[in-house]
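> sequence? don't have it. structure:
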């Protein structure tokens, strides 16, 4: 009589990697030092390079058209392979939107642990990425795969923008409102999901929402400065923009929206190492008002994955969370 061997259950996707999502980024201080040799390249065609840590490179093509180029990938933030693909694709394409551009083509970047996870699951990840590409009107064509001990997925994305409509890190001016187009706290919920397996649909819905509409609003309003809020947290990305533009900001902590469930995740201690490193990096440039706690700052430094746009200017329908000032490089949190 033959024996029926039961197949061992597959591991939860988030447990196959040491970290998760944009919280896996190399800390900002270390990263800036490592890539410093890439700054200041003398090409007449380069409009936006690496010098100010912007979201994508911008190169003059012809006439008033710029080509935008970016790449982004990370380890799983959710256990659903399809949703991870959607989240990673939305996050990568967001860099084009953060520059005021339109994505025109994307290619997949995939690392996959053969022998640990089945190829069918890899197909689900790619299907999720394709679904977001279709939503964005951006063809997803081919890509590159490697056998990797930890699963990783993302995209290299090419886009276009009009040169005089670019949204840039170095174009912020003092005395303007700051608008945030998605709630924060995604890192807290992703960390809780990895630890417990609890599913937070509000976080998934937020991470898979494209920044397309917010980018189009910003360009139509004639705004000039924006960035997307991802692995370095709201404080980190705000500081990078202020430093590049030689301005400062006042941030109203009470006005910053949190995704549903994030406050409870903070209370229960689901703070990632990436978030703590973000705060360590930006802390010398923060001035905290009375009543602002260490936990408040950790929330503002929370490592986001596929977060919203932080725009210098006002966008109807989105919360104003502060304003820019003339105190260069200083973030006042009140």
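Structure received. Just so we're clear, the structure is a prediction, and the values are computed from it rather than from any experiment. Numbering: from 1, shown residues only.
> any idea how far the residue nearest to residue 166 when sequence neighbours are not counted lies from residue 278?
In this structure, residue 166 finds its nearest non-sequential neighbour in residue 100, 5.3 Å apart by C-beta to C-beta, 6 or more residues apart in numbering. In this view, the C-beta of every residue, glycine as well, is placed from N, C-alpha and C. Going from residue 100 to residue 278 by C-beta to C-beta, to the nearest Å gives 25 Å.
> Neighbour count for the two, which is higher?
Shown here are residue 100 and residue 278; by other C-beta atoms under 10 Å, residue 278 has more neighbours (31 against 25).
> and that one, backbone torsions?
Phi and psi for residue 278, reported as degrees, to the nearest 10, are phi -60, psi -50.
> contacting residues for it?
Residues in contact with residue 278, defined by C-beta atoms under 8 Å, 6 or more residues apart in numbering, are 27-28, 231-233, 235-236, 301-303.
> could you measure it against residue 28, distance?
7 Å.
> Need the residues touching each of these two.
232, 236.
> Is the residue nearest the centre of the chain in a helix, a strand, or coil?
With distances taken as C-alpha atoms, centre = their mean, the residue of the chain nearest its centroid is residue 230 (2.7 Å). Residue 230 carries the three-state label coil when classified by DSSP: H, G, I helix; E, B strand; the rest coil.
> where are the low-confidence patches of the stretch 201-334 of the chain?
Low-confidence segments of the stretch 201-334 of the chain, defined by pLDDT under 70, are absent.
> Can you show me the strands along it?
Secondary structure of the stretch 201-334 of the chain by DSSP state E, counting those that start in this stretch: the strands cover 225-228, 248-251, 286-288, 309-312, 320-325, 331-333.
> and if you look at the stretch 51-200 of the chain?
57-62, 65-74, 102-112, 140-147, 152-162, 177-180.
> any idea how far the shortest one is from the chain center?
Remark: strand 177-180 is offset 17 Å from the chain centroid, using C-alpha atoms, centre = their mean, to the nearest Å.
> can you check the first one too?
If you compare the mean C-alpha spot of strand 57-62 with that of the full chain, they lie 23 Å apart, counting by C-alpha atoms, centre = their mean.
> Spell out the residue ranges of the helices in the stretch 151-300 of the chain.
With DSSP state H, counting those that start in this stretch as the criterion, the stretch 151-300 of the chain has helices at 186-196, 201-207, 212-220, 233-245, 262-267, 273-282, 294-300.
> between those, which gets nearest to residue 81?
helix 201-207 (12.8 Å; C-beta to C-beta).
> Show me what counts as buried in the closest one.
Under the neighbour-count criterion of 16 or more other C-beta atoms under 10 Å, helix 201-207 has 203-204, 206-207 buried.
> Residues contacting it, please?
77-78, 80, 83, 86-87, 90-91, 182-183, 185-186, 189-190, 193, 259-261, 305-307.
> Buried only: go through the residues you listed for me.
Among the contacts of helix 201-207, the ones that count as buried by 16+ other C-beta under 10 Å are 77-78, 80, 83, 86-87, 90-91, 182-183, 185-186, 189-190, 193, 259, 261, 305-307.
> so how far is residue 220 from the closest residue to residue 181 other than its chain neighbours?
In this structure, residue 181 finds its nearest non-sequential neighbour in residue 308, 3.7 Å apart by C-beta to C-beta, 6+ apart. Taking C-beta to C-beta as the measure, residue 308 falls 17 Å from residue 220.
> Compare these two and say which one has the larger neighbour count.
Neighbour totals were compared for residue 308 and residue 220, and residue 308 leads with 25 against 10 (other C-beta under 10 Å).
> ok, that one - contacts?
180-183, 211, 214, 228-229.
> Let's see if you can find the most crowded of those.
Going by other C-beta under 10 Å, residue 229 tops the contacts of residue 308 with 29 neighbours.
> Provide a list of residues in contact with residue 185.
Per C-beta under 8 Å, 6+ apart, neighbours of residue 185: 203, 258-259, 261-263, 265-266, 299, 302.
> Buried subset of the residues you listed, written for PyMOL?
Of those, the buried ones can be selected in PyMOL as follows, counting by 16+ other C-beta under 10 Å:
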select buried, resi 203+258+259+261+262+265+266+299+302
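> Make TSV from the contacts of residue 185 and add distance to residue 245 to it.
Putting the contacts of residue 185 into TSV (distance: C-beta to C-beta, whole Å) gives the following:
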residue	distance to residue 245
203	31
258	27
259	28
261	34
262	29
263	31
265	32
266	30
299	24
302	23
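> Report the two of the contacts of residue 185 separated the most.
For the contacts of residue 185, and using C-beta to C-beta, no pair is farther apart than 203 and 299, which are 14.4 Å apart.
> Can you give me the neighbour number for residue 255?
13.
> Likewise for residue 226?
Count around residue 226 with other C-beta under 10 Å applied: 31.
> Tell me what it is bridged to.
Residue 226 has these beta-bridge partners by DSSP bridges: residue 311.
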